Each structure stands twice: as C-alpha cells, then as structure tokens.
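Visitor: Provided below for reference: sequence and predicted model.
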Amino acid sequence: MEKLEIAWLFTEIADLLEIKGDNPYRIRAYRRAARALKGFPGDIRQLWTEDKLETIPGIGRELAAKIGEFLSTGTSRYLEELRQEVPPGLLDMLAVPEVGPKTVHTIYSHLGITSLEQLAEAARKRQLRQLPGLGPKTELRILKGINLVNSRRGRMPLGVALPLAEELYEDLASLDGVEAISFTGSLRRCRDEVGDVDLLVAAGEGERIVELFSHSPRLAQILAKGKNRVVARTELGIEVDLWVVAPDQYAPALLWATGSRRHYQRLQERAAALDIELAECQVLKSGKPLTVKAEEEIYRLLELAYIPPELREDRGEVEAAAKGKLPSLVTLADIQGDFHSHTNWSDGVESIEEMAAAARERGYRYLAITDHSHALGVAGGLTPERVLEQAKKVWEINRKLPADFQLLAGTEVDILADGSLDFPDSVLERLDVVIASVHSHFRQDQETMTRRIIKAISNPHVDILAHPSGRLLGRREPYAVDLEAVLAAAAERGTVLEINSSPDRLDLTDTWARRAKELGVKLAVNTDAHAGEGLREINYGIMVARRAWLEPQDLINTWPWERVRDYFAKR
C-alpha cells in the first residue's frame with residue numbers, strides 16, 4: 001500500500017511542478033520514481049529502515065528523503081507547499097479529457113486562465129490555437145472535453161464516465177492481489193448517461209484493496225467506506241463506487257451489480273422456477289451453494305443463452321435468450337468505413353489527406369468527406385462552387401490511394417427551414433454521398449419540423465439523415481419531431497438514418513435505432529469527426545447500436561462500398 005501511495009504522491013508533485021513550468025529534469029525524476037515504485041516488488045518500509053532506498057532504480061538522495069518523510073509522518077510538506085502555490089482552478093483543468101499538466105502550464109502562463117469557464121471562453125474565441133504546441137486540433141479537443149464535463153446534471157454522458165472508469169481500472173489493475181476487474185451498472189450496460197462509476201474487483205484481501213484505492217489522487221472526498229466497499233467523489237463531483245468481493249463470489253456479484261434491476265428480477269423469477277436462487281454473491285441450487293466462475297455459467301443454469309450486458313434492460317432479451325433468438329450484435333471489427341467527417345475546408349482541423357490517412361490507419365475501406373454547406377456560415381460552410389471544387393480534390397487524392405480504399409466526395413447539406421436543401425440537385429447528384437441535417441430553427445413546432453425533415457429525406461439525392469433528433473446531451477433537448485413518422489418515411493424511401501457517435505450526441509438513441517430496425521430502415525454508425533483522432537469515437541456509436549439489438553447487416557458501413565453505392569443508386 002505504502003509504495004503505491006508514494007508513487008501517487010510523486011505523480012502529483014510532478015504534475016504540479018509541470019503546471020508551474022519547473023525544471024523538466026526534476027519533473028522527469030519524479031515521474032521515473034513513481035513508475036519505479038509501482039513496479040517495485042520488495043518491501044519499501046524495510047528498505048527505509050535499512051537505509052537502502054537508493055538501491056531502487058530512479059531513487060536518489062532527495063527522493064529517498066521524501067519517501068522517508070512520508071513513511072514517518074504520513075504526509076509530504078513539499079507537496080502541501082506546491083498545492084498552495086498552484087491556483088486550484090488549474091487542477092480542475094486536468095479533469096478535462098486529454099488536458100495534461102504541460103498544456104495547463106502553457107495556457108496559464110500565456111493567458112492567465114485559472115478556471116474551466118475562462119478556458120472554454122478562450123477556446124470559443126480560438127485563442128488556444130495560437131499558443132505554442134497546441135493548435136486547432138488541441139483546441140477542438142479541449143472545447144469538446146469541457147462541454148462534456150459541464151453537461152453533467154446529476155447524470156453524466158458516457159463520454160465523461162468511460163475515460164475516468166478506464167483510468168481507475170488501470171489503477172486497480174496495478175495492485176497486487178487483484179484477480180479480476182469490471183465496470184458494472186449502467187456504465188457496463190453502455191447507457192448514454194450514467195449516474196456514477198461503478199467498479200467490481202475480485203481479490204482475496206478486500207480491505208487492503210479498499211484502503212489502497214481510498215488514497216488515489218483521483219479521489220477528492222471519501223463519502224463512505226467499509227471493509228469491502230468505498231464510495232468516493234472526484235474533484236468534478238463524479239461519484240465512484242468500488243466493491244471488492246472474494247474471487248469465488250465474483251461471477252454472481254458481477255451479474256447482480258450490472259443489472260438492470262428489472263433484468264435481474266426476470267432472471268430471479270426464472271431461477272425460482274428451476275429451484276435456483278440468485279443472490280448478490282452466490283448461486284444456490286436446492287438451497288446448496290454452487291461454484292460458478294463466469295456469468296455464462298449462470299445463464300446456462302437458467303437454460304438461457306448468454307445475454308450481453310448492453311441488452312440487459314428487460315426489453316425482451318430473456319425471452320429471446322430462452323428461444324435462442326438473440327441477435328449477433330455488431331462489433332467494432334465489422335465496421336468498414338465512416339460516412340460523416342469534416343476537414344479544414346469547413347470547421348474541421350485537418351486536411352483531406354490527413355483524414356484519409358487516419359481512416360486507413362484504422363483499417364477502413366472507405367471514408368466520406370462531408371463538409372458543411374454554406375447556410376452554416378459559423379462553420380465555414382462551402383458554397384456550391386466550393387463543394388464541387390472539393391469533390392474534384394477528393395477524387396484526385398483518391399486516385400493516388402491504394403485500390404482497396406475509397407475516398408468519397410460528399411456533403412453535410414443543411415435542411416433549411418422549409419425542408420428544402422442548401423444545395424441544388426445539380427450539385428448533389430454529382431457527389432458520392434449526401435447526408436442532410438438540421439442546424440437551425442430548432443424551435444419549430446412538431447408538425448412543422450416533421451414535415452420539414454420528411455420533405456428533405458424525400459429528395460432522391462439524400463442518402464443519410466444525420467443526428468436525427470438534434471439533441472446534445474445535457475445541453476440541448478431533442479427538437480420537437482415525430483420520429484415515428486420520419487422513420488416510416490425513411491423506410492418507404494430507403495433513406496439511411498445515422499447513429500452519430502459523438503459522445504455529446506449519441507443520436508439516434510438506442511430505442512429509436514431499434515425501432516428503425518423493426519421498420520426496415522437501414523442505419524449507419526458515423527463519427528462526425530472533425531479530426532482524424534475523432535474517428536476513434538465510433539466506439540460510442542457501436543455501444544448504442546448494440547443496445548439497439550443491431551447486427552452487422554443492419555448497418556450500411558459494415559458493407560463494402562460497392563454494395564453501399566448500389567443501395568444508394570436503387571433508392
């Protein structure tokens with residue numbers, strides 16, 4: 001426990017020094033020492049008593065003295081002094097995804113920013129991209145990260161919860177004695193918003209794991225703590241709940257903790273009919289405990305096919321599992337391309353060539369470049385002349401790429417207030433892919449908005465309707481639209497609907513995506529990426545698709561481009 005606590009202490013010191021712009025060699029020394037302590041197999045207290053701390057690689061006289069101070073007093077005077085020297089608002093910035101101490105130092109030293117609010121304002125004014133080492137891509141990431149962090153209202157977007165959970169997972173995985181770890185609750189079920197971050201650990205010494213975890217620098221306040229459980233809060237108010245169970249309790253505990261409550265109740269009802277009892281930490285048959293090592297074994301005992309966590313919402317999954325009719329859910333490996341991306345021709349931050357390279361690095365077979373149309377002036381939308389000029393450029397680049405990859409010329413054309421499109425048919429008909437979306441007049445009444453969207457997707461050149469409900473998680477409610485009517489129109493016309501993977505959208509939702517499948521509407525999981533790294537956010541869309549019971553054949557971007565092209569042409 002002590003060596004991990006000291007490693008965390010050294011990491012925090014390094015972060016604070018880097019925020020201050022201190023000597024890079026000193027910063028690296030603390031980070032090296034932290035890594036060395038995490039991987040050190042011996043007893044650090046014994047080395048201290050024997051005056052042998054400097055035998056640990058990376059630990060010199062100064063660091064050995066600080067280790068000794070902590071071991072003797074439980075505190076570090078140097079760390080406390082650093083905390084007093086750094087404005088507290090700078091530490092809040094570290095909670096923004098992908099913002100590290102070096103970036104915080106650059107922002108603070110050049111702009112004097114000391115709060116998330118000031119940081120967001122600077123990003124909106126495009127001041128960050130002018131700073132050394134940042135640029136437009138970093139500015140975009142920072143603004144997006146702040147929006148996600150600020151969007152929490154009791155619940156937080158999956159895009160905030162998951163990165164934090166992954167960091168905590170790595171911390172727990174580094175602890176001796178941990179045999180298994182999993183996310184649980186709504187996070188494991190991949191709901192678009194979650195209340196807190198729930199983690200389950202299998203370990204023989206639960207009390208030791210709880211004590212270690214309680215000292216994590218990622219936690220600002222301990223709300224409750226017992227022998228095998230701790231509930232804490234991060235600096236941004238996100239609650240974290242860690243539960244530690246014995247290894248032989250892990251499978252039943254994982255099933256129980258994942259939920260949903262209604263799904264688990266359905267399993268209990270089925271179990272009772274088979275003289276089986278499901279409890280938090282055990283499974284009993286005729287009153288006698290059974291040894292189960294995995295959730296799959298429990299489902300088999302209940303005469304059910306294994307039900308993936310994303311489906312555990314009591315929406316017919318138990319009945320389907322009993323009949324062997326669960327869907328073969330789509331996976332990331334099934335995705336062959338992305339039909340929604342932006343470049344620096346509009347409001348993206350990378351060139352066409354850079355976006356193509358990023359797609360190829362992911363193993364994609366195709367990528368559509370779909371910059372905004374000119375009605376969206378705030379995003380640097382293209383005129384008809386410019387979009388055709390861009391299309392020529394896209395095709396020119398495509399001719400130079402390997403034959404197994406297709407770079408597609410497209411547009412994200414605005415749906416205007418009356419349902420007409422921002423580009424004439426004479427432009428749209430020349431493009432490979434046309435996606436249409438609403439970016440204005442969000443307050444139209446339901447009848448007007450529904451008529452507007454249906455008119456737009458009735459245009460034979462519109463292939464995909466992007467982010468159909470217009471919601472922004474925690475920031476903007478869906479606009480008033482009869483999605484049932486829109487889906488019916490899409491089914492009739494063969495228009496594809498998008499599941500937008502951007503963590504602040506996740507639109508369509510899982511329930512509407514499933515309804516689309518029921519009506520025979522094809523879907524596409526797209527990222528709306530504004531930089532190459534944004535293509536990674538496809539993971540979030542896949543989570544939505546899996547919750548929607550979607551299989552590979554339901555998504556057009558699991559198809560080869562030739563099949564997609566033929567589908568568009570036959571509409």
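Guide: Received it, and whenever you're ready, just let me know what you need.

Visitor: what's around N344, how many residues?
Guide: Counted by other C-beta atoms under 10 Å, the residues lying close to N344 total 17. Using the backbone N, CA and C atoms, a C-beta is placed for each residue, glycine as well.

Visitor: ugh, wrong one, I meant L497
Guide: By other C-beta under 10 Å, neighbour count at L497 equals 24.

Visitor: that's a helix at it, yeah?
Guide: No. When the secondary structure is assigned by DSSP: H, G, I helix; E, B strand; the rest coil, L497 falls in strand instead of a helix.

Visitor: Identify each buried residue in stretch 113-120, please.
Guide: Residues of stretch 113-120 classed as buried: I113, T114, L116, L119, A120 (neighbour count, 16 or more other C-beta atoms under 10 Å).

Visitor: Name the helix or strand for S182, please.
Guide: With elements taken from DSSP states H and E, the one containing S182 is strand 178-183.

Visitor: in that strand, what counts as buried?
Guide: Of the residues in strand 178-183, those buried by neighbour count under the rule 16+ other C-beta under 10 Å are V178, I181, S182, F183.

Visitor: mind listing what the residue nearest to R312 when sequence neighbours are not counted touches?
Guide: Of all residues beyond its chain neighbours, the one nearest R312 is H263 (4.1 Å), with distances taken as C-beta to C-beta, 6 or more residues apart in numbering. Applying C-beta atoms under 8 Å, 6 or more residues apart in numbering, we find H263 in contact with I307, R312, E313, D314, E317, V318.

Visitor: Pull the number of nearby residues for the last one.
Guide: Using other C-beta under 10 Å, V318 has 22 other residues around it.

Visitor: The fourth one too?
Guide: Counted with other C-beta under 10 Å, the neighbours of D314 add up to 16.

Visitor: and D192, what does it touch?
Guide: Listed by C-beta under 8 Å, 6+ apart, the contact partners of D192 are P157, L158, L473, L506, T509, D510, V544.

Visitor: related to what we said a few turns ago, now, which of the buried residues of strand 178-183 sits nearest L82?
Guide: Nearest to L82 among the buried residues of strand 178-183 is V178, at 30.5 Å by C-beta to C-beta.

Visitor: these two touch, right, T106 and L131?
Guide: Yes. Contact criterion C-beta atoms under 8 Å: T106 and L131 qualify, at 5.4 Å.

Visitor: Point out where the stretch 301-450 of the chain drops to low pLDDT.
Guide: Regions of the stretch 301-450 of the chain meeting the criterion pLDDT under 70 cover residues 378.

Visitor: residue ranges for the strands of it, please.
Guide: For the stretch 301-450 of the chain, the strands defined by DSSP state E, counting those that start in this stretch cover 337-338, 366-369, 406-414, 433-437.

Visitor: which SSE is A36 in?
Guide: A36 belongs to helix 24-39, assigned by DSSP H and E.

Visitor: can you tell me the average pLDDT over that helix?
Guide: Throughout helix 24-39, pLDDT has a mean value of 81.

Visitor: Could you do stretch 246-266 as well?
Guide: Stretch 246-266 shows a mean pLDDT of 97 in the predicted model.

Visitor: chain center to it: distance?
Guide: Its chain's average C-alpha position is 24 Å from that of stretch 246-266, according to C-alpha atoms, centre = their mean, to the nearest Å.

Visitor: If you count neighbours, what's buried in it?
Guide: Within stretch 246-266, the residues that count as buried by 16+ other C-beta under 10 Å are 249-260, 263-264, 266.

Visitor: show me where pLDDT drops low in the stretch 1-150 of the chain?
Guide: Within the stretch 1-150 of the chain, the stretches with pLDDT under 70 are 1-4, 38-41, 97-98.

Visitor: what about the strands in it?
Guide: Remark: no strands are assigned in the stretch 1-150 of the chain by DSSP E, counting those that start in this stretch.

Visitor: End to end on stretch 278-289, go ahead and measure it.
Guide: Distance between the two ends of stretch 278-289: 10 Å, counting by C-alpha to C-alpha, to the nearest Å.

Visitor: got it, and stretch 503-516?
Guide: Between the opening and closing residues of stretch 503-516 we find a distance of 21 Å, counting by C-alpha to C-alpha.

Visitor: for the record, mean pLDDT for it?
Guide: Throughout stretch 503-516, pLDDT has a mean value of 95.

Visitor: buried sites along that stretch?
Guide: Residues 503-510, 512-516 are the ones in stretch 503-516 that count as buried (16+ other C-beta under 10 Å).

Visitor: Just name the closest of those residues to L164, please.
Guide: Of all the buried residues of stretch 503-516, L164 sits closest to P503, with 12.7 Å by C-beta to C-beta.
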